[in-house]
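Visitor: can't give you the sequence, but here's the structure:
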């Protein structure tokens, strides 16, 4: 049973914790990239990149698992089902093509030797991937989520993790959306219904 106090639950993590960092790739982060033109200003204002980096360091140091979830599609578009506006944007911008710099994790977030880079093609990174198996194979119970965008794939990751029986929590200061209002609305939904909302410092303090 998950205790009602988020900090009490977090004291139980360590090796049972996974941090999923969502979409910190060039086509989504860089200011001159197709999606970056939408998200970059808030990413910078909220210091999301450095907060993701600090979170990854804390999780690694305590024996947890760091997963970088990146969305990328084949260059022929055969695995891009643009059935929703978000994916239609990627199709129309001709971006997020696997094998290009746009889908590489940004250099400011070094990937550790034991980290996992997960490629997915839907907003939720559990769909059509082995993410659930990876987490179970590593005896993960708690899932922290950070990245971009709060109200899209970050929230989708939280919801999917909850549906699959993991205990999810959002690192509120390590994620952002197109604007503050969208971020805040998603945080309210997540914290009220699907998981715990904490900061990177609160997570770090709760670890052994």
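Guide: That came through fine. Just so you know, these numbers come straight off a predicted model, no measurement behind them. Residues are numbered from 1 along each chain as shown.

Visitor: my read: residue 131 touches residue 67, true?
Guide: Yes - using Cβ atoms under 8 Å, residue 131 is in contact with residue 67, at 7.1 Å. Heads up, the C-betas are built off the backbone N, CA and C, glycines and all.

Visitor: intersection of neighbour lists for those two?
Guide: Any residue near both residue 131 and residue 67 by Cβ atoms under 8 Å, 6 or more residues apart in numbering counts here, and that gives 20, 118.

Visitor: now the strands: where do they sit in the chain?
Guide: 17-22, 65-71, 116-120, 142-148, 167-176, 196-198 (DSSP state E).

Visitor: closest to residue 57 out of those strands?
Guide: The minimum distance between residue 57 and those falls on strand 65-71, with 9.2 Å, by Cβ to Cβ.

Visitor: show the average pLDDT along the closest one.
Guide: When pLDDT is averaged over strand 65-71, the result is 98.

Visitor: now do it and strand 17-22, the angle between them.
Guide: Using axes from the mean of the first three to the mean of the last three Cα atoms, to 10 degrees, the inter-axis angle of strand 65-71 relative to strand 17-22 is 20 degrees.

Visitor: ok, strand 65-71: who's next to it in the sheet?
Guide: Based on DSSP bridges, the pairing partners of strand 65-71 within the sheet are strand 17-22 (parallel), strand 116-120 (parallel).

Visitor: can you list contacts of that strand?
Guide: If you take Cβ under 8 Å, 6+ apart as the criterion, strand 65-71 is touched by 17-25, 28, 56, 59-60, 90, 96, 103-105, 109, 111-112, 114-121, 123, 125, 131, 134-135, 138, 140, 147, 153, 157.
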